[in-house]
Every structure is written in C-alpha cells, then in structure tokens.
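Student: next input, structure requested:
(one chain, ligands or ions: 1)
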Amino acid sequence: MHNEGKTKMIPFGDLSREYDDLSIEIDNTVAGLLKSGWFVLGKKVEEFEEVFADFIGKEVFAVGVGSGTEALHLALVASGVTHGDYVITVPNTAVPTVSAISFSGATPLFVDIDPDTYNIDTNKLRELVVIEKKRRGNKLKALIPVHLYGQSADMEPVLAIAREFNLTVIEDACQAHGAEYKGKRVGSFGDYACFSFYPSKNLGAYGDGGMITTKTPEQAHTLKMLRNYGQEKRYYHTIKGFNSRLDELQAAILLTKIKYLDTWNTRRRDIADFYNQNIKNKAITKPVEVSYGKHVFHLYVIRHPERDRLQAYLQNNDVQTVIHYPLSIHLQEAYKDLGYSQGDFPVAEKVAEEILSLPIFPQLRDKEAETVAELINSFS
Ligand SMILES: Cc1ncc(COP(=O)(O)O)c(C=O)c1O
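Tutor: Coordinates of the predicted model:
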C-alpha cells in the first residue's frame, strides 16, 4: 500500500541499493560464469580463495565452503573435535556458532562477555578453562572467540590461554571481514578462522557462502577434502567428508565485490562516527571501539534501559531496527539440555535486554543517518 504523505521507511539494510551501483559489473560477471558452463569447484573459487587469503594476510590459506556455519563445522572437524568433546564460546553470539559445535558432536560451554565490548571476557575465560580442564581433561578441545558486530575479540589473552592449555582456537569472524586486532586483520590469529558471506555481511554473496582461513597447506588440504566428500582424487575417499562447497557463481560475484570491501568498511566507520558524534541522548550507551582494534561496524549496537519502547518509537517513525540477539543461547529452548539457567551469564543476559542495532550499511544516505540520530535524541 502506498503511504501518501508519510516519509519513506529508513531500512535496516537494503541490498538493492548495492546492486543498483554495481549492476553492470555483476550482470557481466554472472553472464560470463553461466557461459563458462562450470559451476562447482573451478577457477573462480580458486581465484577468490587466493584473493581472500591475500586480503587477510600473506601467511594464511583460504578454503571456500557453503556457509559460515559450515565453515565453523568443518574447522571443528578438521581440529579433531568429535562426540564427547567440549568447546567454549560466548552465549550472545549468532546461534550458528553453537549449532556448529553441536553438529560436530561436541558440547558447547559458555563464558560471559565483557560489558563494554560484548566480546568474550578473557578473565572469565581463564577461570572457566582452569575448571573445565580439570574436569574434562583432553576432552576440552577448542575455543571459539567471536568478533561480534565487527570488532575483534581480545586475541592475545585468548591465544595465551589456548597455548597454556593446549586448545585449538577457531575465530568466528563471520561478522568481521577486514576488522583488525593490533594492526593485523582478524582471520590470521587462530588455528582456523571462519567467515560468512551471507548477503548482508560486510562482504556478502547473492546467497549462502563461507570461507575458512588457516595457517598450513596441510590444514587447507584437509579442509578441501572435508568440503568435497572427503575425496582427494575423484571417487577415492581418504577421509569421511561432507558436501560444503562455495559455488563458482558466488565466488565470481565475491571476486567482483571484494574490490569494494575496504571502501565499504570505511563508509560503515564513517556512519558509526556520525552516530557517535550526533547521538546525544544521555540514556543511550554507544558502542565502544577498543584502542587496539579496528571495528568494521557490521552492526552499530546501542543500549537503552527501555529498549523495546525505543524500538517501537523508531518503528512508528519509519526507522527499522533489529535486535542482535534478543535471547542468550543458554536460555534458548533448543539448548535447554545443556542445563544452564537464568542468571548463569548475567552480563550477556542484561545486554540482551537493552541492545538495539541501528541502520548501518554502505549505501545508507547521510540524510537517513541524520534522521535516525535526530529521532533518538528526541526520544524520552
Ligand atoms: C557470528 C556468526 N557466526 C556464524 C554465522 C553463520 O554464518 P552463515 O549464516 O553464513 O551460516 C553468522 C551469520 O549469520 C554469524 O553472524
């Protein structure tokens, strides 16, 4: 229905604007790929893996897979995580971090988050690892720090704990393409790192896609077998594998789009900067960017004690917002069997009640960001 006289909705995201900017290039890319007649595991995937590895850092190898969830699952399997094992992560992540752990057969263990960055609390991580190592011994296998909202977790303490207790580190970088920690891009710190190319990510495909970065050619080789039925040579299966491949079509599109990633991340940072400067409502807590990192603002997440009322107010004034995420994973129906209850992770639980993600995407117009800030300032 057409809303005569009403302002147009400010969308939370709008990928059609990106397509408007890139349509000629994208159309040519798609047509070229269709004409090539080769759709699964070919030159485009290989080329994109090289370009992506270069983007992250010279020392990594990249393996394209079907999604971010599959990237995490395959990285866990490649690390030897299996039934009966334990893997630590945070309860305020996107649920697929935890689905991947469950799917590997392992049990997720949660640790609370830092109240300022919403990333893993590394002091609490150490306490948990000490306890769980005693209790589970070598069954405690891996840590998955999540670079939530586009900001790196504090990797030095995470890596130190992992070294001390002989644990694999798998970075969940699904929201953090191009984010930096102490001058290096995330994806180059852990034994493995996992990226998602879900369409709305900082680098998104036109469908599902994912990438694993890793440190050695041997690990990359194992991952390549795992994503392709465990085969090294066609119809000769060295290990038990899966089907989780990045499509040629998505790889070709991602190759076209990765050229813009730095510019898009800069634009996200500029919008974040605009919100930081112009949102003046005292009841709002704005995101904290840590001094040692570079945030790429996949999401710009504010807090307000009356979040639901603020969200309704923005919606009534034609501004779309989203909550990432409204219910901590330890309190979700699907994970009841883990035995956690309300109060186990007080910081994550409190944050979940107050957070709200504002529109931020490279094609958001200045005027729209201004309207968002003005509306928030007039909310009382
Ligand atoms: C933190 C995090 N981990 C994992 C995933 C899973 O990625 P995908 O949707 O590509 O499976 C996502 C994206 O939804 C995510 O945001």
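Student: residue contacts, the residue of the chain found nearest the ligand?
Tutor: Closest contact between the chain and the ligand, by Cβ to the nearest ligand atom, is at Gly68 (2.4 Å). Placement of C-beta: from N, CA and C, glycine included. Applying Cβ atoms under 8 Å, 6 or more residues apart in numbering to Gly68 gives the contacts 96, 172, 174, 194-198, 210.
Student: got phi/psi on Pro118?
Tutor: Heads up, residue 118 is Tyr, not Pro. phi 70, psi 10 (degrees, to the nearest 10).
Student: same question, Gly293
Tutor: The phi and psi values for Gly293, taken as degrees, to the nearest 10, are phi -130, psi 170.
Student: find me the pLDDT at it, would you?
Tutor: At Gly293, the pLDDT value in this model is 97.
Student: so it touches Tyr149, yeah?
Tutor: No: the pair Gly293 and Tyr149 fails to qualify as a contact (Cβ atoms under 8 Å) at a distance of 11.7 Å.
Student: circling back to that earlier point, just the contacts of Gly68 that are near the ligand?
Tutor: Of the residues in the contacts of Gly68, proximity to the ligand by Cβ under 6 Å from any ligand atom holds for 96, 172, 174, 196, 198, 210.
Student: in TSV: those, plus secondary structure and distance to Leu364.
Tutor: Formatted as TSV, those follow (DSSP: H, G, I helix; E, B strand; the rest coil; distance: Cβ to Cβ, whole Å):
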residue	secondary structure	distance to Leu364
Pro96	helix	26
Asp172	strand	25
Cys174	coil	21
Ser196	strand	21
Tyr198	coil	19
Gly210	strand	25
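Student: how about the residues you listed, which pair is most distant?
Tutor: Greatest spacing in those, by Cβ to Cβ: Asp172 and Tyr198 (13.1 Å).
Student: contacts only, for the nearest residue to Asn278 once chain neighbours are set aside.
Tutor: In this structure, Asn278 finds its nearest non-sequential neighbour in Ala373, 4.1 Å apart by Cβ to Cβ, 6 or more residues apart in numbering. Counting by Cβ under 8 Å, 6+ apart, Ala373 touches 274-275, 278-279.
Student: and the one helix or strand Lys350 maps to, what's buried?
Tutor: Lys350 is part of helix 346-354, with elements assigned from DSSP states H and E. Residues 347-349, 351-352, 354 are the ones in helix 346-354 that count as buried (16 or more other Cβ atoms under 10 Å).
Student: what sits up against that helix?
Tutor: Here helix 346-354 makes contact (Cβ under 8 Å, 6+ apart) with 90-92, 110, 112-115, 118, 121, 285, 303-305, 307, 323, 325-328, 330-331, 342-343.
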